[in-house]
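Student: could you look at this predicted model? Sequence included:
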Amino acid sequence: MTGFPMHRRALIGAAGSTFLASLAARARVPGGSRPNLILFFPDEMRADSLACYGNPVTRTPAFDLLAKQGTRFANCHVQTPICAASRCSMLTGLPTSATGHRGFGYLLQPDEPNLFRTLREGGYDTYFFGKNDVLAPETFARSLTDWADPPAPGAAPGDHAPGARRGKLDGPTTMLLPATGDRRATSDYGILRRAIQVIERREQDRPFCLFLPVFQPHPPYHAPDGFQDMYKPGDLPPLIPPGTKGRPAYHAAIRDKYRLNEVDDAVLRQVRATYYGQVSYTDWLLGELMEALERTGRDKDTALLVSSDHGDYAGDYGLVEKWHGGLETCLTHVPMIGRVPGGVAGNVATGMTELYDVLPTFLDLAGLSSTHTNFARSMMPQLRGGQGDPNRAAFTEAGMNIYEPQAFDSPSGGLYARKSELAAEQPALVGRAASVRTQRYTFVQRPQGLSELYDRQADPQELNNLIGQRSHARVQDALERRLLDWYINTTGVPADLRNSRDVPNFTAPLAPRGDAAAANAILDK
């Protein structure tokens, strides 16, 4: 569908300046060339798990090097905290409320716009290697040049974590499993190998876009040998403890359902230590990818972005993995680091950005325009040295309501079973919610539960829920209005259809009346 004229984007603020900035950034692509595009996309990676985002213990040299070579976006948040819905927003530039892509089972349909289809129709070869969670099966052929989801050696197709779906639930669901073995015997390494084959091709006459959605550091918590025990639980900073006041009801419910009340802090710190090992393994994969780009000279003509679809509790609040209705910062705040030809080095962009900003950024680099109305903003000004809009806010939606059963999970087996079971048993725990984050505050509106307000300047870990306190009534009111305004301006984007309102003409055909006997006389000859 075709988008509205650009002035319509004034509805969401600062759009005119964003449009002009994107045109200027596009004009500065060296020599008018169109770079190759790579999106390296770990699953479930918290921003604060990387050293370049301030983590005091993790070793992430590849991510850190990329940040030094390009721009690190300090405040990037996702549109929703679960895999499929987040990726659908990323490829469309639209929030969940505009498309209805809630839950895991409703993916981008052939008639919906998506970044890869726009790039392919604009002259790019588009490659998708790894876990799907975004395109309906019927959408692949029109959007992609080639695709594959290589399993780990000896594993069934689509099984990125052997043992997770067969795991037993006769005790607490910590999601901890033994090491996976050799670092080169994983599905993620198979994804990397496919990517390097594309990078090494020299006969290509079209630029390429590579989407690499690797599985790590997704639960279950286990990493290859050399990474599983890389971090000692006792060396880690304290986790956010369970049982703090002012928390949504699902915190206690998850701990009860998963039997996490039966484990102590030492076990939860082991969860975090293993998660960090997975992060470092992902860093090794990124390092191998960057080495291939440098070895082939493709680092000179290739834009490389890294980000993630959402974060992970990884022991915080006494919880593991993620939650459909979760809007904690550890779930919404993801890394966003980019290096582009002609870009600046060592920039840290402090303005708010959102995951779906990938779409206009890649289109700017490709010299293409969006084919549909969307609300994302190009990151090219920051990649050229800017800081971003200091007044921008980031919006995240979560959950689904009982009247939309199609958004709930299909039954899961093994270690994942309890999450889908709990959502079905107590649907209010995954009820729709939304948040707005400014440079200082986080506000979460939960119509079916406890709302939240945090002053991150005074309370970086968001431990003290200020909702309803008279001292912050004006702040709460302003953020409520801002969230409402955002919904009014972005919800329900219409399709580009121009149907006539007139009753269509009808003229009965000049045809004989048919009957079964006449049909049989023809068919039985």
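Tutor: Everything's here; your move.
Student: low-confidence stretches in the chain?
Tutor: The chain contains residues with pLDDT under 70 at 1-32, 167-168.
Student: quick one: the strands in it, in order.
Tutor: Here the chain has its strands, by DSSP state E, at 36-40, 71-77, 125-129, 146-148, 208-212, 302-306, 333-334, 337-339, 347-354, 394-398, 433-437, 441-445, 452-455.
Student: using a markdown table, lay out the ones you listed together with mean neighbour count and distance to Thr371.
Tutor: Quick note: C-beta positions are derived from backbone N, CA and C, even for glycine. Listed next are the strands of the chain as a markdown table, based on neighbours: other Cβ atoms under 10 Å; distance: least, Cβ to Cβ, whole Å:
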| stretch | mean neighbour count | distance to Thr371 |
| --- | --- | --- |
| strand 36-40 | 24 | 17 |
| strand 71-77 | 25 | 24 |
| strand 125-129 | 22 | 15 |
| strand 146-148 | 14 | 21 |
| strand 208-212 | 23 | 16 |
| strand 302-306 | 25 | 20 |
| strand 333-334 | 25 | 26 |
| strand 337-339 | 26 | 23 |
| strand 347-354 | 21 | 20 |
| strand 394-398 | 25 | 23 |
| strand 433-437 | 24 | 27 |
| strand 441-445 | 23 | 32 |
| strand 452-455 | 21 | 37 |
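Student: output those in a markdown table; the columns should cover distance to Gly54.
Tutor: Compiled in a markdown table, these are given as follows (distance: least, Cβ to Cβ, whole Å):
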| stretch | distance to Gly54 |
| --- | --- |
| strand 36-40 | 21 |
| strand 71-77 | 9 |
| strand 125-129 | 31 |
| strand 146-148 | 36 |
| strand 208-212 | 25 |
| strand 302-306 | 17 |
| strand 333-334 | 12 |
| strand 337-339 | 14 |
| strand 347-354 | 11 |
| strand 394-398 | 19 |
| strand 433-437 | 18 |
| strand 441-445 | 18 |
| strand 452-455 | 18 |
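Student: Ala366: which of those is closest?
Tutor: Counting by Cβ to Cβ, Ala366 lies closest to strand 36-40 out of those; the figure is 6.9 Å.
Student: out of the strands of the chain, which gets nearest to Gln387?
Tutor: For the strands of the chain, proximity to Gln387 was assessed by Cβ to Cβ; strand 347-354 is nearest, at 5.4 Å.
Student: just checking, what packs against the closest one?
Tutor: strand 71-77, helix 380-383, strand 394-398 (3 or more Cβ pairs under 8 Å, 6 or more residues apart in numbering; DSSP states H and E).
Student: please redo it, this time with the cut-off set to 10 Å
Tutor: Identification of packing neighbours for strand 347-354 by 3 or more Cβ pairs under 10 Å, 6 or more residues apart in numbering; DSSP states H and E yields helix 61-69, strand 71-77, helix 380-383, strand 394-398.
Student: between those, which one is closest to Pro360.
Tutor: Among the helices and strands packed on strand 347-354, helix 380-383 comes nearest to Pro360, with 8.3 Å by Cβ to Cβ.
Student: closest to Thr96 out of the strands of the chain?
Tutor: Across those, closest to Thr96 is strand 394-398 (Cβ to Cβ), at 4.7 Å.
Student: how about that closest one as CSV, C-alpha atoms only?
Tutor: What follows is strand 394-398, C-alpha atoms only, in CSV (Å, rounded to 0.1, in the frame of the first residue of the first chain):
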residue,chain,number,x,y,z
ALA,A,394,10.0,5.5,23.0
PHE,A,395,6.8,3.5,23.1
THR,A,396,6.3,-0.2,23.8
GLU,A,397,3.2,-2.3,23.8
ALA,A,398,2.7,-5.7,25.4
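Student: out of the strands of the chain, which is closest to Pro381?
Tutor: Short answer: strand 347-354, nearest of these by Cβ to Cβ, at 8.7 Å.
Student: Asp225: neighbour count?
Tutor: Applying other Cβ atoms under 10 Å, we find 12 other residues in the vicinity of Asp225.
Student: what about the residue lying closest to it once chain neighbours are set aside, distance to Gln278?
Tutor: Excluding the flanking residues, the one nearest Asp225 by Cβ to Cβ, 6 or more residues apart in numbering is Ala179, at 5.3 Å. Using Cβ to Cβ, to the nearest Å, Ala179 is found at 11 Å from Gln278.
Student: which one's more surrounded, these two?
Tutor: Neighbours per residue, other Cβ under 10 Å: of Ala179 and Gln278, the larger number sits with Gln278, 31 against 15.
Student: list the contacts for that one?
Tutor: Residues near Gln278 by Cβ atoms under 10 Å, 6 or more residues apart in numbering: 42-45, 49, 180, 188, 215-224, 227-228, 230, 312, 314.
Student: swap in Pro360?
Tutor: Listed by Cβ under 10 Å, 6+ apart, the contact partners of Pro360 are 18-19, 22, 93, 115, 368-370, 374-380.
Student: kindly recompute the last result at 8 Å.
Tutor: By Cβ atoms under 8 Å, 6 or more residues apart in numbering, the contact set of Pro360 is Ser22, Gly93, Ser370, Asn374, Ala376, Arg377, Ser378, Met379.
Student: and the closest residue to the fourth one other than its chain neighbours, what does it touch?
Tutor: Just to be clear, that refers to Asn374. Spatially, and ignoring its direct neighbours in sequence, Asn374 is nearest to Gly93 (2.9 Å; Cβ to Cβ, 6+ apart). Applying Cβ under 8 Å, 6+ apart, one finds that Gly93 lies in contact with Tyr356, Leu359, Pro360, Ser370, His372, Asn374, Phe375, Ala376.
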